[in-house]
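Compute the structure for the input listed below.
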Amino acid sequence: MIIVEGWVRVAAEDIETLRPAAQAMAHATKTSEPGCLEYAFATDLFEPGLLRIIERWKDEAALAAHFATPHMAAFNQALGGARITGASIKVYAGEEVRTIMER
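This next block holds a predicted model:
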């Protein structure tokens, strides 16, 4: 399993501009990519303009295929119009999974 975790910081007023593109990206990814196990964006509760990213993928091939999709290109185009002031996105190998809460 591959885990992608990170954040992109944009000018606070750009978050609402990015929201439709992020929603379209998450929806298309979840519904059309069989290697996607989880895909989510979230705005930070304490820092306006901070977009958090969490993804889980079956394997590296699934993640590579994701990067080649039209919805990824569309999201990157929308992101290119935002005033980005920082970003950090990392990929982790998720070999061990342990549940710490489940209801």
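
Which neighbouring elements make contact with the helix or strand where residue 19 lies?
With elements taken from DSSP states H and E, the one containing residue 19 is helix 14-32. Helices and strands in packing contact with helix 14-32 are listed as strand 36-43, strand 50-57, helix 70-80; criterion 3 or more Cβ pairs under 8 Å, 6 or more residues apart in numbering; DSSP states H and E. Using the backbone N, CA and C atoms, a C-beta is placed for each residue, glycine as well.

Tell me the buried residues in the longest one?
For helix 70-80, a neighbour-count test (16 or more other Cβ atoms under 10 Å) marks 71-72, 75, 78-79 as buried.

That one vs helix 14-32, what angle?
Regarding helix 70-80 and helix 14-32, their directions subtend 170 degrees when assessed with axes from the mean of the first three to the mean of the last three Cα atoms, to 10 degrees.

by contact count, what packs against helix 70-80?
Counting contacts by 3+ Cβ pairs under 8 Å, 6+ apart, the secondary-structure elements packed against helix 70-80 are helix 14-32.

ditto for the first one
Helices and strands touching strand 36-43, by 3+ Cβ pairs under 8 Å, 6+ apart, are helix 14-32, strand 50-57.

Parallel or antiparallel, list what pairs with it.
The sheet places strand 36-43 alongside strand 50-57 (antiparallel), with pairing taken from DSSP bridges.

and the partner strand, which residues are buried?
Going by neighbour count (16+ other Cβ under 10 Å), the buried part of strand 50-57 is 50-51, 53, 55-57.

can you tell me which residue is nearest the centre of the protein?
For the chain, the residue lying nearest the average C-alpha position, counting by Cα atoms, centre = their mean, turns out to be residue 53 (3.9 Å).

Can you name the residues bridging to that residue?
Here residue 53 sits in beta bridges with residue 6, residue 41, as judged by DSSP bridges.

I'd like the distance from residue 76 to residue 62, if you could.
Counting by Cβ to Cβ, to the nearest Å, the gap between residue 76 and residue 62 amounts to 18 Å.

Many thanks, have a good one.
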